[in-house]
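**Q** Next come a sequence and a model predicted from it.
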Amino acid sequence: MGYGYQTSQSTMRSVSRAQRDFDIMSMRSMQVNNSPAQIQPWVDDGEGSMISDHYAGGDGYGYSQVRTVSSNAGGSAMGTMRRTLSGTLASRSGDWQEEDQLYVNNVKPRGPAVRTLSRLNQNASRQNRMSMGSVSGSSTIQQQKMGGGNYVQCSNGSYGSLPITRAMSTMSLKSMTKGMDTFDGQEHISVGGKINDGFSDIDMHSAVEYLVASDPALQVLGAAYIQHECYNSTDAKNQAHSLKAIPRLVKLFNYPNQEVQRYATGAMRNLIYDNMQNKTALIEESGIPQLIEALREPDDELRKNVTGILWNLSSKDNLKDKLASETMSELTERVLVPLSQSDNQQSASESEIFYNTTGCLRNLSSVNEKVRQQMRECRGLVDSLVSYIQRSVETGKAEDKGVENAVCTLRNLSFQLYTEIPPSASMRLEGPSRRQDEGPGDVIGCFTPQSKKTKKKQVNDQLTFSEVAKDPKGMEWLWHPQIVSVYNRVLQRCEINSSTREAAAGALQNITAGDKRWAAVLSRVAMEQERILPTILDNLRTNNDQELRSLTGFLRNLSRYARNKDDMATKVVKNVLVKLPSDSSQTEPSSDVIINICGVLNNLVMGSSVAARDIAFFDGLQKLVSIKNNRNSSSREKAAKAATTVLGNMYTYTKLHRDYKLKGFRKEDFADISI
């Protein structure tokens with residue numbers, strides 16, 4: 001039968017019509033015990049790609065609640081599992097368990113009509129995965145016979161799959177926008193036609209006193225000295241704080257003299273750089289409203305300082321909620337929209353202003369669901385980011401740091417997208433309910449490949465984009481099919497900046513992750529309309545582990561929803577096997593990448609004997625067995641469990657047992673040694 005599966009007739013009856021179409025995450029084979037076995041939650045302790053002082057978003061992976069059901073008798077309950085955020089698999093304690101008789105051949109002879117019906121049912125199951133259950137929903141796993149062995153099959157017909165992954169939010173950038181050293185060897189500072197001698201006769205105390213002088217020249221001199229001293233000195237920052245320089249500088253942000261404004265904001269920019277005490281003092285002195293007011297001035301130097309200060313403030317989690325509520329709309333309206341939609345090329349100052357602004361937004365987007373929702377709903381924000389990325393890619397500027405910030409922001413806004421978007425949008429994306437989509441008279445006969453249900457399914461696929469507008473606006477960009485093309489172009493055109501590529505792959509990973517119907521739709525848009533697979537495989541040549549993590553996470557999601565797993569297997573298996581470690585002494589790639597690759601292989605093996613054949617042919621068995629046996633650390637333990645899943649599903653293809661044996665592998669090599 002198709003894909004070499006053989007399922008008993010009695011077991012097929014146990015799979016209901018409603019269950020058959022679900023595509024929920026599935027588990028590897030589990031041993032049926034007399035008493036329940038508790039499966040502990042899996043957590044993720046990986047790191048993001050950016051230099052950071054904090055993580056945004058959640059960790060770990062979770063699952064639906066599962067249980068095993070024997071085809072002949074009742075089953076025992078398995079431990080509750082949960083779904084959380086990031087893209088790795090981990091285990092604190094507790095082991096996967098497999099059926100003792102995993103590889104015992106027990107195939108019953110059946111007539112051609114039964115085999116035909118079974119094949120059509122399985123084909124329908126594989127092709128109807130676009131209609132899926134909720135992220136937090138529960139599922140039933142049923143134990144069946146397949147190809148000569150027992151295994152655990154989910155109600156949708158998938159066999160022991162690893163869960164779909166989301167990319168974690170990009171972490172906040174550390175304070176990266178320290179201002180200039182204004183003096184920098186000069187002997188005087190010019191202010192309003194007056195010449196002030198250098199800093200030879202001034203100290204921090206007198207500089208702070210100058211800030212309240214009536215002469216703008218003295219105010220500039222005092223601010224310039226503070227900016228100079230705080231450029232590289234933590235002691236100077238602390239001294240300025242103790243002398244109450246911060247409230248005096250805040251009062252100069254909107255002083256009538258523009259030079260005073262520039263030096264006051266320049267001094268503040270250096271004062272708060274990598275100094276939480278001064279950042280907090282600036283907030284407490286109502287500095288944010290004063291900065292926003294100064295942002296309205298049409299002076300590029302002043303705007304560079306203001307946006308630089310806001311970026312530095314945004315690197316701390318406890319300041320982000322306040323910053324988001326007080327600055328987001330103004331930053332979008334006064335900086336993001338005009339600079340992203342202008343047909344004229346940005347000047348050097350405008351580029352820095354845009355870079356600072358998107359850096360701030362990038363940090364804000366990583367903090368929590370509340371702020372992500374505010375940013376998605378902020379008028380013009382998402383449109384401006386997408387427009388800027390598109391224009392930059394078209395004009396050969398995909399490597400720019402502003403593009404990196406913009407793509408990272410979109411990636412963060414796509415995090416947990418389908419659980420955070422408005423209910424009205426979620427209902428549209430889910431399409432018709434399962435009961436509406438399934439009539440009582442729909443029957444798949446033995447020789448009716450053009451049955452009513454099949455035709456209806458084809459029509460639904462053709463009309464699938466009726467759920468979104470032809471021209472996306474606002475937050476709809478985040479899940480619109482056109483965004484797949486935007487990310488694809490970034491991956492194709494960005495050859496140097498690995499952070500930008502990682503963010504694009506991570507965004508694609510996010511919008512194709514989970515059990516929602518739209519994740520499957522966008523996966524197929526990427527595969528069939530954008531033909532993104534060659535681009536992903538080309539980018540897999542990188543040795544950057546964080547980029548590999550996002551790429552393999554996205555590829556893992558694609559492999560779940562691929563219509564033709566035989567075809568995908570022939571293109572993918574060899575390329576991903578190359579990235580696996582050859583032996584236990586090899587420390588790269590990370591366990592996160594290994595787990596994602598095992599997820600790709602497992603998804604393909606579950607639906608294609610070609611994948612299992614190619615893994616053996618390209619010497620993947622040796623690598624998988626080595627990974628399975630390497631349990632030297634907690635992270636490698638997670639990878640070992642993922643490799644065991646793949647090996648267990650590979651062994652269900654009895655027709656390949658001879659090939660495995662010729663490669664020198666025995667039944668024991670495919671078993672879980674932790675049992």
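**A** Cool, the structure landed. Numbers count the residues shown, from 1 in each chain.

**Q** can you pull out the strands in the stretch 451-600 of the chain?
**A** Using DSSP state E, counting those that start in this stretch, no strands are found in the stretch 451-600 of the chain.

**Q** what about N368, how many residues close to it?
**A** Close neighbours of N368, defined as other Cβ atoms under 10 Å, add up to 17. C-beta coordinates here come from the backbone N, C-alpha and C atoms, glycine included.

**Q** List the residues that contact E297.
**A** Neighbouring residues of E297 by Cβ atoms under 8 Å, 6 or more residues apart in numbering: Q258, Q261, R303.

**Q** Of those residues, keep whichever come out buried.
**A** If you count burial by 16 or more other Cβ atoms under 10 Å, the buried members of the contacts of E297 come out as Q261, R303.

**Q** Just the contacts of E297: which are in helices?
**A** Q258, Q261, R303 (DSSP state H).

**Q** And stretch 652-672, what's buried?
**A** Result for stretch 652-672 [16+ other Cβ under 10 Å]: buried residues T652, Y653, T654, L656, H657, Y660, F665, D669, F670, A671, D672.

**Q** then stretch 526-537 to PDB, C-alphas only?
**A** Taking Å, rounded to 0.1, in the frame of the first residue of the first chain, the C-alpha atoms of stretch 526-537 are listed here in PDB:
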ATOM      1  CA  ALA A 526       6.300  28.800   0.600                       C
ATOM      2  CA  MET A 527       6.800  25.400  -1.000                       C
ATOM      3  CA  GLU A 528       4.500  25.600  -4.000                       C
ATOM      4  CA  GLN A 529       4.200  29.300  -5.000                       C
ATOM      5  CA  GLU A 530       7.500  30.800  -3.800                       C
ATOM      6  CA  ARG A 531       9.500  27.500  -4.400                       C
ATOM      7  CA  ILE A 532      11.500  28.400  -1.400                       C
ATOM      8  CA  LEU A 533      13.100  25.100  -0.800                       C
ATOM      9  CA  PRO A 534      16.300  25.700  -3.000                       C
ATOM     10  CA  THR A 535      16.900  28.900  -1.100                       C
ATOM     11  CA  ILE A 536      16.600  27.300   2.300                       C
ATOM     12  CA  LEU A 537      19.000  24.400   1.200                       C
END
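
**Q** got the contact list for that stretch?
**A** Outside stretch 526-537, the residues touching it (Cβ under 8 Å, 6+ apart) are 481, 484-485, 488, 491-492, 505, 508, 512, 551, 554-555, 558, 561-563, 568, 571-572, 575.

**Q** Quick check: the gap between Q346 and K628.
**A** According to Cβ to Cβ, to the nearest Å, Q346 and K628 sit 53 Å apart.

**Q** Please identify which of the two sits among more neighbours.
**A** Each of Q346 and K628 has its neighbours counted (other Cβ under 10 Å); K628 has more, 25 against 19.

**Q** Surely A281 and I246 touch.
**A** Yes - using Cβ atoms under 8 Å, A281 is in contact with I246, at 4.6 Å.

**Q** So, low pLDDT: which residues of the stretch 151-300 of the chain?
**A** By pLDDT under 70, the low-scoring segments of the stretch 151-300 of the chain are 151-198.

**Q** Go ahead and produce CSV holding the CA coordinates of the one helix or strand R658 maps to.
**A** Element membership of R658 [criterion: DSSP states H and E] is helix 657-662. Listed next in CSV are the C-alpha coordinates belonging to helix 657-662 (Å, rounded to 0.1, in the frame of the first residue of the first chain):
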residue,chain,number,x,y,z
HIS,A,657,15.2,-4.2,6.8
ARG,A,658,17.5,-5.9,4.3
ASP,A,659,19.1,-2.6,3.4
TYR,A,660,19.7,-1.7,7.0
LYS,A,661,21.3,-5.1,7.6
LEU,A,662,23.6,-4.7,4.6
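
**Q** mind checking how far S366 is from A504?
**A** Noted for S366: a distance of 16 Å to A504, by Cβ to Cβ.

**Q** Likewise for N278?
**A** From N278 to A504 the distance is 35 Å (Cβ to Cβ).

**Q** out of everything not next to it in sequence, what's closest to M475?
**A** Excluding its sequence neighbours, the residue lying closest to M475 (Cβ to Cβ, 6 or more residues apart in numbering) is R376, at 4.1 Å.

**Q** Report the contact partners of the one you found.
**A** Counting by Cβ under 8 Å, 6+ apart, R376 has contacts V382, L413, E420, I421, G474, M475, L478.

**Q** For the residue lying closest to S523 once chain neighbours are set aside, the count of nearby residues, please.
**A** Among residues not flanking S523 along the chain, Y561 sits closest, at 3.9 Å (Cβ to Cβ, 6+ apart). Counted with other Cβ under 10 Å, the neighbours of Y561 add up to 22.

**Q** likewise T358?
**A** When neighbours are defined as other Cβ under 10 Å, T358 has 29 of them.

**Q** Next: N254.
**A** Based on other Cβ under 10 Å, the number of other residues close to N254 is 16.

**Q** ok, now which ones touch it?
**A** N254 neighbours (Cβ under 8 Å, 6+ apart): Q261, Q290, E293, A294.

**Q** Now tabulate those in TSV and tack on secondary structure and distance to A643.
**A** As requested, the contacts of N254 are exported to TSV (DSSP: H, G, I helix; E, B strand; the rest coil; distance: Cβ to Cβ, whole Å):
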residue	secondary structure	distance to A643
Q261	helix	61
Q290	helix	57
E293	helix	59
A294	helix	57
